[in-house]
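Asks: Need a 3D model of the following:
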Amino acid sequence: MIQGEYGFNNDILINCMVSNEEKHSVIQHEDTHKRTITGSTLGDLIMMLEKSNVVDNSKNWLLVYFVKSIKKMQEQMATYVEMLTILDFQGKDAYIAAVNNLRSNNRLYYKYYYSMYSKVGDQYIFELKKEGKIKKLIELITQIGILSLNIDVTKIPLWEQITEQNINKLFSDEEKRFNFNPNARFSKLTENIFLKKDEEDLDSEIILSIINSSAKSRSLDDTRSIILKIYQDSLVLDRIIKRVEGIELKVYTDIIYNNLDVLSAYPMLEKNSKDNKTTPELESIKELKNKINQNPQKNFLMFYHLLGGFEEFMFCSNMSIQLNQGYLLSRYSDLEEGKDLIAQTSLPIVFCQTKLIKMLYNQ
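Replies: As a prediction, the model looks like this:
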């Protein structure tokens, strides 16, 4: 079962079927993705590519390449943070059980976990648990992740003539990979911080190279300029400009589980799961109303975020959890239909972005 998902549109989605005991650590896993992506230069570029890809998918290969280029370090970091969160909130026995479950049922993610465990070790984290300092370790790992992603994107050559071949050559180049490759940077930083105890064993030159090659500041204007070079021949360049101009620098402070990070996590149902059922798109809002009124006890209504440039449409879903199954009833609707549905329902409502709320209040 897919427990959660982070989308580069900045949404954290948590599977409705995840148990209450698991939700905390799953949210922390996805929030680790969010904090490191929204706090770094390469993350800024990926988010702008994702937004541009909605209206012009000619550079989808580049978005896919960058997402793949960070996946290893992202999952190593987030999976380990997830296990640390279980240790912090549920204790040593729950942590050991979660690791054993991962080893038995998800070998790929166990490998992600093990890559960090092999450097940090259990003795150290158990001591931190006794001292109440697990959150400090999580914050350190998160900051290492941000530094690994904080490459100087303006130094990547050939934006106007970028190809998969030349970007792959740059990321794998033996001399330049610590300047640009997030996986190589994260691996070398964590190895030196957690594994090497003696100063003479440190890879000092490489660490200095990583630090010196990192972006000295984050400029969204620089990243937007890169997007304009990438899409210079696009027929919808004006729409792309509009979409990337809406991205702002994000600054995260300490997150309290029962407050901000929960409020930023939206419910989802896993696609193609035998435990979930979805209907074809419903024909009318009236049909959706009739369906949700049949079983209102465990239902909630969800309005998906609106795409920049397409504000007149929204995606409205009713989600329901009954007898260990999730049901999803959906249809597209316009603003007037959405307002009418909101006025007539007593169900809890989830808004995945605030644009709809703003539009409703402004009328």
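Asks: Who are the packing partners of the host helix or strand of residue 72?
Replies: Per DSSP states H and E, residue 72 falls inside helix 60-90. Helices and strands touching helix 60-90, as assessed by 3 or more Cβ pairs under 8 Å, 6 or more residues apart in numbering; DSSP states H and E, comprise helix 20-38, helix 41-53, helix 92-105, helix 107-120, helix 122-131, helix 134-149, helix 164-172, helix 182-190. (Glycine included, C-beta is placed from N, CA and C.)
Asks: if you set the cut-off to 6 Å instead, what comes out?
Replies: Helix 60-90 makes packing contacts with helix 20-38, helix 41-53, helix 92-105, helix 107-120, helix 134-149, helix 182-190 when contacts are defined by 3 or more Cβ pairs under 6 Å, 6 or more residues apart in numbering; DSSP states H and E.
Asks: Could you export those as JSON lines, including distance to residue 213 and mean neighbour count?
Replies: Output for the helices and strands packed on helix 60-90, formatted as JSON lines (distance: least, Cβ to Cβ, whole Å; neighbours: other Cβ atoms under 10 Å):
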{"stretch": "helix 20-38", "distance to residue 213": "18", "mean neighbour count": "21"}
{"stretch": "helix 41-53", "distance to residue 213": "12", "mean neighbour count": "23"}
{"stretch": "helix 92-105", "distance to residue 213": "34", "mean neighbour count": "14"}
{"stretch": "helix 107-120", "distance to residue 213": "22", "mean neighbour count": "17"}
{"stretch": "helix 134-149", "distance to residue 213": "11", "mean neighbour count": "19"}
{"stretch": "helix 182-190", "distance to residue 213": "9", "mean neighbour count": "22"}
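Asks: Which among those helices is found nearest to residue 241?
Replies: helix 41-53 (9.3 Å; Cβ to Cβ).
Asks: and the angle from the closest one to helix 182-190?
Replies: Angle between the axes of helix 41-53 and helix 182-190 is 160 degrees (criterion: axes from the mean of the first three to the mean of the last three Cα atoms, to 10 degrees).
Asks: Distance-wise, check residue 58 relative to residue 237.
Replies: Separation of residue 58 from residue 237 (Cβ to Cβ, to the nearest Å): 11 Å.
Asks: Read off the pLDDT value for the residue nearest to residue 60 when sequence neighbours are not counted.
Replies: Closest residue to residue 60 apart from its sequence neighbours, by Cβ to Cβ, 6 or more residues apart in numbering: residue 53 at 5.4 Å. You'll see residue 53 listed with a pLDDT of 91.
Asks: Going forward, the N-terminal residue is numbered 825.
Replies: Taking 825 as the first residue, the last one we looked at is residue 877.
Asks: circling back: kindly calculate the angle that the helix holding residue 896 makes with helix 931-944.
Replies: For helix 884-914 against helix 931-944, the angle by the same axes, to 10 degrees is 60 degrees.
Asks: List the buried residues of helix 884-914.
Replies: 886-887, 889-890, 893-894, 896-912, 914 (16 or more other Cβ atoms under 10 Å).
Asks: Which element, helix or strand, includes residue 879?
Replies: Residue 879 belongs to no helix or strand when assigned by DSSP H and E.
Asks: Angles on the backbone of it, please.
Replies: phi -110, psi -20 (degrees, to the nearest 10).
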